[in-house]
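Chemist: I need the structure of the sequence given here:
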Amino acid sequence: MPENKHLRRGLFCLYGAAGILFLWLLLRYALPWLLPFIVAFLIARFVEPAVRHMTGRYGIRRGYASALCTIVIFAVLIAATVTAIGRVVIELSALVKDLPTLLKNLTATLSVIGDRIDVYIRSAPPEVQDFLRHSMDGFGEKAAQLPANLSGTILNLLSDVAKLTPKLVLFFFTCALSVFFISCGYEQVTAFLLRQIPKNRRSAMRDFKNDLLSTFGKWVKAELMLSTVTFFVMTIAFLYLRIEFAVVLAFLVAVVDALPVLGSGTVLIPWALVSLIGGNMHTAIALVVIYAINVIIRNLLEPRLIGKQIGLPPLATLVAMYVGFSAVGVLGMLLFPIGLIMLKHLNDKGYIKLWKS
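Modeler: Below you'll find the model as predicted:
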């Protein structure tokens, strides 16, 4: 490194920018292309103990053992995926069929809301009444278009599910073949990957892998803690509202809330919308309030819990999550903190020097 401190800082900034650009390109382009093969390698690593047991204990040829494990794993995955997609299609189709019945009370509900708002508008100062009435005219137009927009949205979802099916078939087929080929030559594949790492770096890479797996386990622990908080919040709220199957529904919302692409709003917002359409204004408002409370609690706890478990300051975790979301969406909220953990580990071990520990 050059002795001039300004030049060193410039190089550090250049390396940091290059690293961020490389990570963005990796997540934006390379990851979608390589995802079936990455998943295949992970699955092959997962089934390797079973394959070794079958070949060593029962003398089954490795190719047959790999084929059997691949068939079992993907039979389960395909069955679960088909069941989930089929259930979504059935529920959405039933909703489209029953939508006219659900929307019968919509006009009366909107009329009551409009009358109440009109009372508030007439009591407002004269100089703002015109503005409020103009705003309510736009609200009325949107409310009138709600049934058509809702039906169109549901039909678009069904169309998206149909369009997604060929991609899923190709993904599963490619992934299954890759699992079989990797499992058949697992020792050769791992030996090839190991040869790409210099001998003097293998110990460091092994430590890095162990640290990364440990950190991932801690991240899972933090997510379980957040899901537990969500479960108790939902249970208390549903019991207070006297909703049937409160504990089961709270567990469902907690599971969905743990998924990075979904969140509790995936369940609560459509539920509130259906309650509003059905004329149950009290439940609709309560569900929206519950959703807002859960979002606030999660946003307050998530940076602290995840940062504490994975060894990052809450502010650094929050910055990584926000930058990740801005760069590549919801998936970035998971991957960018992991990338920051990797940089921190390399910096703490002295392999790179991006900042002073």
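Chemist: Helices of the chain, start to end?
Modeler: In chain order, the chain shows helices spanning 5-25, 31-57, 62-102, 106-123, 126-184, 186-195, 199-240, 246-258, 265-277, 281-310, 314-328, 330-349, with DSSP state H as the criterion.
Chemist: could you dump those helices to a markdown table with mean pLDDT and mean neighbour count?
Modeler: In this view, the C-beta of every residue, glycine as well, is placed from N, C-alpha and C. As requested, those are arranged in a markdown table below (pLDDT from 0 to 100; neighbours: other Cβ atoms under 10 Å):
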| stretch | mean pLDDT | mean neighbour count |
| --- | --- | --- |
| helix 5-25 | 69 | 12 |
| helix 31-57 | 89 | 15 |
| helix 62-102 | 81 | 14 |
| helix 106-123 | 67 | 13 |
| helix 126-184 | 74 | 14 |
| helix 186-195 | 85 | 12 |
| helix 199-240 | 79 | 15 |
| helix 246-258 | 83 | 18 |
| helix 265-277 | 80 | 18 |
| helix 281-310 | 82 | 17 |
| helix 314-328 | 76 | 18 |
| helix 330-349 | 73 | 18 |
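Chemist: gap between residue 294 and residue 257?
Modeler: According to Cβ to Cβ, to the nearest Å, residue 294 stands 7 Å off from residue 257.
Chemist: intersection of neighbour lists for those two?
Modeler: Residues within reach of residue 294 and of residue 257 at once, by Cβ atoms under 8 Å, 6 or more residues apart in numbering, are 230, 264.
Chemist: now the residue in the chain sticking out farthest from the centre: how far from residue 119?
Modeler: Going by Cα atoms, centre = their mean, the residue of the chain most distant from its centre is residue 126, 48.1 Å out. In this view, residue 126 and residue 119 are 15 Å apart by Cβ to Cβ.
Chemist: How about residue 187?
Modeler: When Cβ to Cβ is applied, the distance between residue 187 and residue 119 equals 78 Å.
Chemist: who are the neighbours in contact with residue 180?
Modeler: Taking Cβ under 8 Å, 6+ apart as the definition, contacts of residue 180 comprise 66, 67, 70.
Chemist: Next, the contact list for the first one, please.
Modeler: It refers to residue 66. Counting by Cβ under 8 Å, 6+ apart, residue 66 makes contact with 47, 51, 179, 180, 183, 184.
Chemist: Enumerate every residue touching the closest residue to residue 287 other than its chain neighbours.
Modeler: Of all residues not flanking residue 287 in the chain, residue 272 sits nearest, at 3.9 Å (Cβ to Cβ, 6 or more residues apart in numbering). Residues counted as contacts of residue 272 (Cβ under 8 Å, 6+ apart) are 283, 284, 285, 287, 288, 291.
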